[in-house]
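Novice: okay, structure incoming, though there's no sequence with it:
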């Protein structure tokens, strides 16, 4: 969290100062303290005349990469002005935040911000990138903001490159290799790559190095030159053509007490992960060693550790030997742009296309194949697909057909979204698919979604946990074709009198009601929620004794959520959150 100082120049700004102090968790100081505390705070917010602000800070200004951010707010709180260290020092961002708190107008004069262009000098800190190359950053920025033709070469895929692709200015062209970068056509080359590349002569070059790799290493016992090993590994990688791009270091756990490991963590602040010999021995590597296995119980340390540290990624640099060390480098497949497929299992939410997560929407926009559960997920959710994407419903497909279709696209290096209703981990039927992916060694990940039980609470305008009445929510289903575990029979779960959300059970509602009445009073509130958040949503309220009749009379189907419990429409419970004397954790 930033350390922010608030300086009210006059009594008139004291109310504004108090508001900003509370909202920004800042400290109010006197103007006379600025000289002593200039290096102690990340940002200063002056409240008063701009001239006084400027005269106060003028003697201390050195460089935009060192100076704290400075913002000036007029004493009426009408305008918030970015004064010093614009986007590099965070003044522009703080200006917008202060303006939002006060309902003021944000005044920002940075050209790139006002032109809607990238703030190139913020990317390293923003995306965790390093910067390589000798060209002056200001020259590159000058060419870029003046819209000189720019080539963009991205050899990896991460949060930063996704942002660049989505916000690409008109004067920037994405290229796939240096061969496409014609000096007669471009003035500036921006690269995002861990590899050592040189721009063609005559071009300005801005080279960002993404910190995405896992470096696995092995050590001789207690090497005397341990202080040199860090630089030696970097030099060895550079000779191969890979720049230092390590997000973590990895090795075998028997090296925990080595001085080199202590230096990595204590002196250099690097992330260091240790693996047991049993874990390392399970990893298939190109250069196993019987000697290594004899001494530490695994045929590989550096290569196996690099692969494990990269989430079983690709080995970019096989074992390299130094005098007292070995090293290897691997990168998680999610960062690679090469032809390797990926499957993202995405939770679609309860139905309304606006209720899919922001991340899920990005995945849908990126996908080459969207395979959606057509009987449960509205097709409208897929309409954000990119041109040329394939969109298929799995409603009439067998599990084998679904898996084979996804594998077909996967083997072509495509990006696949498997779109499931609600949250895929709740009755999502994804276990069988993941078993197939595991068997085939396929890369996949899960993006969670909003479950229909949360939509039920929202549409019922009910808090499902009521202080001193019910503090538990049970998500379950009735026993249909798939048997329920003996300990999870509905009548046993009902003993807690918790709020119960019952999925997939409208077709067996008579049996559900019978089991629930064994424990819940017959006048317990219930709600049958059909197609939650869909255009044809219907919600039927009543009492438990009438639940089966409600479902039958309205011809409700499997896409109905049944909610049972006194939390429905309950307004009697009162949380201690707003009680006098209650303090939030971060204020303690």
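Specialist: Thanks, I have the structure now. Small disclaimer: the values here were computed from a predicted structure and weren't measured.
Novice: which helix runs longest in this structure?
Specialist: As far as residue count goes, and with DSSP state H defining each element, the longest helix of the chain is helix 226-240.
Novice: name the nearest residue to residue 436, sequence neighbours excluded.
Specialist: residue 403 (4.6 Å; C-beta to C-beta, 6 or more residues apart in numbering). The way it works is simple: take the backbone N, C-alpha and C, and place the C-beta from them, glycine included.
Novice: the one you found: what secondary structure?
Specialist: With DSSP: H, G, I helix; E, B strand; the rest coil as the basis, residue 403 sits in helix.
Novice: shift numbering so it begins at 430
Specialist: In the new count, where the first residue is 430, that last one comes out as residue 832.
Novice: so how far is residue 977 from it?
Specialist: Separation of residue 832 from residue 977 (C-beta to C-beta, to the nearest Å): 38 Å.
Novice: again with residue 810
Specialist: Distance of residue 810 to residue 977, computed by C-beta to C-beta: 32 Å.
Novice: who has more neighbours, the two?
Specialist: Here residue 810 and residue 977 are set side by side on neighbour count (other C-beta atoms under 10 Å), and the busier one is residue 810, at 24 against 17.
Novice: correct me, but the more buried one touches residue 777?
Specialist: Yes: in terms of C-beta atoms under 8 Å, residue 810 counts as a neighbour of residue 777; the distance is 5.3 Å.
Novice: mutual contacts of the two, please.
Specialist: 785, 801, 848 (C-beta atoms under 8 Å, 6 or more residues apart in numbering).
Novice: name the nearest of those relative to residue 949.
Specialist: Distance from residue 949 was checked for each of the shared contacts of residue 810 and residue 777 by C-beta to C-beta. The minimum falls on residue 785, at 34.0 Å.
Novice: got a pLDDT number for the residue nearest to the closest one when sequence neighbours are not counted?
Specialist: Across the structure, with C-beta to C-beta, 6+ apart as the measure, the residue nearest residue 785 apart from its sequence neighbours is residue 778 (4.8 Å). At residue 778, the model reports a pLDDT of 93.
Novice: roughly how far apart are residue 685 and residue 562?
Specialist: Counting by C-beta to C-beta - residue 685 and residue 562 are separated by 37 Å.
Novice: repeat that for residue 872.
Specialist: Looking at residue 872 against residue 562, where the rule is C-beta to C-beta, the gap reads 32 Å.
Novice: cool, residue 876 as well?
Specialist: Look at residue 876 and residue 562: by C-beta to C-beta, they are 35 Å apart.
Novice: same question for residue 732.
Specialist: If you go by C-beta to C-beta, the gap between residue 732 and residue 562 works out to 30 Å.
Novice: looking only at neighbour counts, state which of those two leads.
Specialist: Looking at residue 732 and residue 562 with other C-beta under 10 Å, you find the greater number of neighbours at residue 732, namely 28 against 18.
Novice: surely that one meets residue 744?
Specialist: Yes: with contact defined as C-beta under 8 Å, residue 732 and residue 744 form a contacting pair (6.2 Å).
Novice: intersection of neighbour lists for these two?
Specialist: Common neighbours of residue 732 and residue 744, counting by C-beta under 8 Å, 6+ apart, are 714, 715, 757, 759.
Novice: out of those, who's nearest residue 904?
Specialist: Ranking the shared contacts of residue 732 and residue 744 by separation from residue 904, with C-beta to C-beta as the measure, puts residue 759 on top at 38.7 Å.
Novice: now do the SS call for the spatially most central residue of the chain.
Specialist: Nearest to the mean C-alpha position of the chain, by C-alpha atoms, centre = their mean, lies residue 788 at 7.9 Å. What three-state DSSP gives for residue 788 is helix.
Novice: the residue nearest to it when sequence neighbours are not counted: neighbour count?
Specialist: The shortest distance from residue 788 to any residue other than its chain neighbours is 5.4 Å, reached at residue 876 (C-beta to C-beta, 6+ apart). Counted by other C-beta under 10 Å, the residues lying close to residue 876 total 21.
Novice: wait, residue 876 touches residue 790, no?
Specialist: No: between residue 876 and residue 790 no contact is recorded; they are 9.9 Å apart, counting by C-beta under 8 Å.
Novice: which residues are common contacts for those two?
Specialist: Joint contacts of residue 876 and residue 790 (C-beta under 8 Å, 6+ apart) do not exist.
Novice: give me the next element, helix or strand, following the one helix or strand residue 978 maps to.
Specialist: Secondary structure here is read from DSSP states H and E; on that basis residue 978 sits in helix 976-982. The first helix or strand that comes after helix 976-982 along the chain, using DSSP H and E, is strand 989-993.
Novice: of the shared contacts of residue 732 and residue 744, buried ones?
Specialist: For these, burial is judged from neighbour counts taken by 16 or more other C-beta atoms under 10 Å, and it is met by 714, 757, 759.
Novice: check which residues of stretch 909-929 are buried.
Specialist: 919, 922, 923, 926, 927, 928, 929.
Novice: ok, so of these, who is nearest residue 726?
Specialist: Within the set of the buried residues of stretch 909-929, residue 922 lies nearest residue 726; the separation is 47.4 Å, counting by C-beta to C-beta.
Novice: which parts of the stretch 480-629 of the chain are helices?
Specialist: Taking DSSP state H, counting those that start in this stretch as the test, the helices found in the stretch 480-629 of the chain are 520-531, 540-544, 552-556, 566-574, 588-595.
Novice: return the most buried member of those helices.
Specialist: Per-stretch averages of neighbours, counted by mean count of other C-beta atoms under 10 Å, single out helix 520-531 among these, with a mean of 21.
Novice: hang on, the earlier thing: neighbours around the residue nearest to residue 785, how many?
Specialist: For residue 778, the tally of surrounding residues (other C-beta under 10 Å) stands at 27.
Novice: what sits against it?
Specialist: Residue 778 makes contacts with 784, 785, 786, 789, 810, 850, 851, 878, 879, 884, 962, as judged by C-beta under 8 Å, 6+ apart.
Novice: can you do 10 Å?
Specialist: Contacts here follow C-beta atoms under 10 Å, 6 or more residues apart in numbering; on that basis residue 778 touches 784-786, 789, 806-807, 810, 850-852, 877-881, 883-884, 961-962.
Novice: same thing with residue 506?
Specialist: Contacts of residue 506 by C-beta under 10 Å, 6+ apart are 442, 444, 445, 448, 449, 476, 527, 528, 530, 531, 532, 533.
Novice: picking that back up, bridged to the residue nearest to residue 785, which residues?
Specialist: Applying DSSP bridges to residue 778 gives these bridge partners: residue 851.
Novice: what's the spacing between it and residue 848?
Specialist: As defined by C-beta to C-beta, residue 778 lies at a distance of 10 Å from residue 848.
Novice: swap in residue 527?
Specialist: Applying C-beta to C-beta, the value for residue 527 to residue 848 is 40 Å.
Novice: name the element residue 712 belongs to?
Specialist: Take DSSP H and E as the rule and residue 712 turns out to sit in neither a helix nor a strand.
Novice: count the residues that sit near it.
Specialist: Counted with other C-beta under 10 Å, the burial measure for residue 712 works out to 20 neighbours.
Novice: quick one: pLDDT of the residue nearest to it when sequence neighbours are not counted?
Specialist: Using C-beta to C-beta, 6+ apart and skipping the chain neighbours, the partner closest in space to residue 712 is residue 733 (3.9 Å). Looking at residue 733, its pLDDT reads 97.
Novice: alright, I will stop here.
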